[in-house]
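>>> Just need the structure, nothing else, for what follows:
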Amino acid sequence: MVKMKNGDLREMRNATDLESIVRTIGHGLIAFDGCTSVGKTTLMKKLAGRLKCPAIDLDPYLNRQRGEFVNELRLPEVASAIEQAHQQSPIALIAGICMREVLDRLQLTAAVHIYVQLNSPMGIPSNLNIMDREDGHQIDDTYGKLLSETDWEIAAYHERYRPRSNADVIYVRTSGD
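Residues are numbered from 1 along each chain as shown. Predicted structure coming up:
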């Protein structure tokens, strides 16, 4: 686990620092989680290139246009991709929304959970209303009307799994980077 000495989550903004943490792990599955369009897959691919290890994006394993994510993943294919990745390298990276739930359904555990958070240039998380569900806050009606079915699934996932609070590392990006 990558926690600070005082027990706080380790927050970072530099991919090189994150790379060194992953290198110290040595083996296992490294999971990238977060809301939609925050840069999970981009960060994962960047690290995979540096580490020369396989990277699995969940999106290609999704039955599209069904309004759900986790229930519409082709989990046997995901499991097979993870197994193949581990045959290639001791470290494998995987990115997608609702990662803890996906791994639970696959009965797998990640060596490290990285929560990717996108902030505005002012430092405000782009998905603050969804992340606030971890603390029991409700989404107000005005904002709720703007959410897609997938966003509602992610909000419920945050309430159940608390992926940001339970992350080993929170990787913060600033929009425009």
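>>> helices and strands of this protein: which one bottoms out on pLDDT?
The weakest-scoring helix or strand in the chain, judged by mean pLDDT, DSSP states H and E, is helix 141-144 (a mean of 66).
>>> what's the offset of stretch 167-177 from the middle of its chain?
Distance of stretch 167-177 from its chain centroid, counting by Cα atoms, centre = their mean, to the nearest Å, is 11 Å.
>>> got the CA coordinates for it in PDB?
The C-alpha trace of stretch 167-177 is given here as PDB (Å, rounded to 0.1, in the frame of the first residue of the first chain):
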ATOM      1  CA  ALA A 167      -7.100   4.400  -3.500                       C
ATOM      2  CA  ASP A 168      -3.500   3.800  -2.800                       C
ATOM      3  CA  VAL A 169      -2.500   6.800  -4.900                       C
ATOM      4  CA  ILE A 170      -4.600   9.700  -6.200                       C
ATOM      5  CA  TYR A 171      -3.100  11.000  -9.400                       C
ATOM      6  CA  VAL A 172      -4.300  14.600 -10.000                       C
ATOM      7  CA  ARG A 173      -4.300  16.000 -13.500                       C
ATOM      8  CA  THR A 174      -5.200  19.600 -14.400                       C
ATOM      9  CA  SER A 175      -7.400  20.200 -17.500                       C
ATOM     10  CA  GLY A 176      -5.400  21.500 -20.300                       C
ATOM     11  CA  ASP A 177      -2.300  19.500 -19.400                       C
END
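>>> List the contacts of it.
With contact meaning Cβ atoms under 8 Å, 6 or more residues apart in numbering, stretch 167-177 is reached by 1-3, 9-13, 18, 21, 33, 38-39, 43, 112-121, 123, 126, 164. Where C-beta positions appear, they are placed from N, C-alpha and C, glycine not excepted.
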